[in-house]
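Undergrad: how does the following fold in three dimensions:
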Amino acid sequence: MGGLTAMAAMGMGGAKVDQPALLPFLYRQPLGRIGLFILASGMLAYVFWRITQVIVDPAGYGWGPKGICLRISFLVSAGIYASFSTFAYSMVWKGRPRHASQNIPVVVGDLLQPPFGREWVRAVALIIFIVGVVQIQRALTLRFRRQIPDPDFNRKHDVLIRWTGRLGFTARGVVMFVIAWLFLKAAEHANPREAGGIDQAWNFLETGPWGHILLALVALGLAFYGLFLGVKAWGLQSDLIG
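TA: Just a heads-up that it's a prediction; the model follows:
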């Protein structure tokens with residue numbers, strides 16, 4: 001997603017895509033149905049991993065307030081990726097690409113109902129903003145290194161982990177800040193169509209000063225975040241197997 005959007009911003013092909021738009025884009029590529037089936041299977045495996053984290057707690061988070069909050073976030077993540085996986089499988093079996101419906105404006109429209117609609121949407125914007133702050137904090141303090149508990153692996157791949165994590169978490173923070181701003185605008189104007197997810201964030205970044213450059217940098221940052229997750233999965237092997 002980040003790589004394709006960065007290519008589009010730099011005029012090198014690609015396409016500006018968010019998660020729902022990425023799946024039909026992949027479907028239309030050569031051997032797209034096979035690639036989409038592999039991707040859907042990977043997302044389904046990720047769903048089972050999240051559920052395993054909730055039930056087995058392999059990282060030892062415990063049942064304190066932090067552990068419970070993390071389990072809730074794991075369940076939410078499992079639900080999101082389960083929906084993406086189901087959507088991808090349906091395209092593979094039915095043999096036709098289609099876009100997922102955009103639910104954010106619908107949800108925001110429901111939240112905007114009086115008497116406290118705008119306050120609810122502002123509260124959601126604040127939560128998204130805080131999530132963005134956490135991403136930036138992780139990038140600045142290198143806290144993301146704790147996600148790979150193997151000290152030998154961390155030392156061996158120090159540069160790769162450090163820079164993919166820094167760039168990736170910074171880009172995630174920027175995207176969260178933009179989405180929070182869009183939610184605030186939707187609350188101020190009582191217009192749910194002004195709220196949005198990553199697709200709206202791409203449009204916002206592109207229309208600003210030096211928009212194509214900024215969009216390319218942030219999208220490349222998300223691509224580095226994907227690389228960081230790949231390195232993280234690689235580094236977790238010995239911890240999980242051992």
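
Undergrad: what's around Lys94, how many residues?
TA: Using other CB atoms under 10 Å, Lys94 has 9 neighbouring residues. From N, CA and C alone the C-beta is placed, and that goes for glycine too.

Undergrad: and Ala223, by the same measure?
TA: There are 21 residues near Ala223, going by other CB under 10 Å.

Undergrad: tell me the contacts of it?
TA: For Ala223, the contact set (CB atoms under 8 Å, 6 or more residues apart in numbering) comprises Met1, Gly2, Gly3, Ala6.

Undergrad: inside helices: which ones of these?
TA: In helices, defined here by DSSP state H, the members of the contacts of Ala223 are Gly2, Gly3, Ala6.

Undergrad: from Leu227, how far off is the last one?
TA: Spelled out, it's Ala6. Computed as CB to CB, to the nearest Å, the Ala6 to Leu227 distance reads 13 Å.

Undergrad: also the second one?
TA: Relative to Leu227, Gly3 is positioned 10 Å away (CB to CB).

Undergrad: repeat for the first one
TA: The gap separating Gly2 from Leu227 is 9 Å, by CB to CB.

Undergrad: so between the two, which is more surrounded?
TA: Legend: neighbour count by other CB under 10 Å for Gly2 and Leu227, higher for Gly2 (22 against 18).

Undergrad: how many neighbours does Leu236 have?
TA: Neighbours of Leu236 using other CB under 10 Å come to 17.

Undergrad: that one and Leu229 touch, don't they?
TA: No. With contact defined as CB atoms under 8 Å, Leu236 does not reach Leu229; the gap is 10.4 Å.

Undergrad: low-confidence stretches in the chain?
TA: 97-102, 237-242 (pLDDT under 70).

Undergrad: could you find the residue nearest the spatial middle of it?
TA: The residue lying closest to the centre of the chain (CA atoms, centre = their mean) is Arg172, at 7.6 Å.

Undergrad: helix or strand right after the helix or strand that one falls within?
TA: In the assignment (DSSP states H and E), Arg172 maps to helix 158-189. Using DSSP H and E, the helix or strand that follows helix 158-189 in sequence is helix 198-207.
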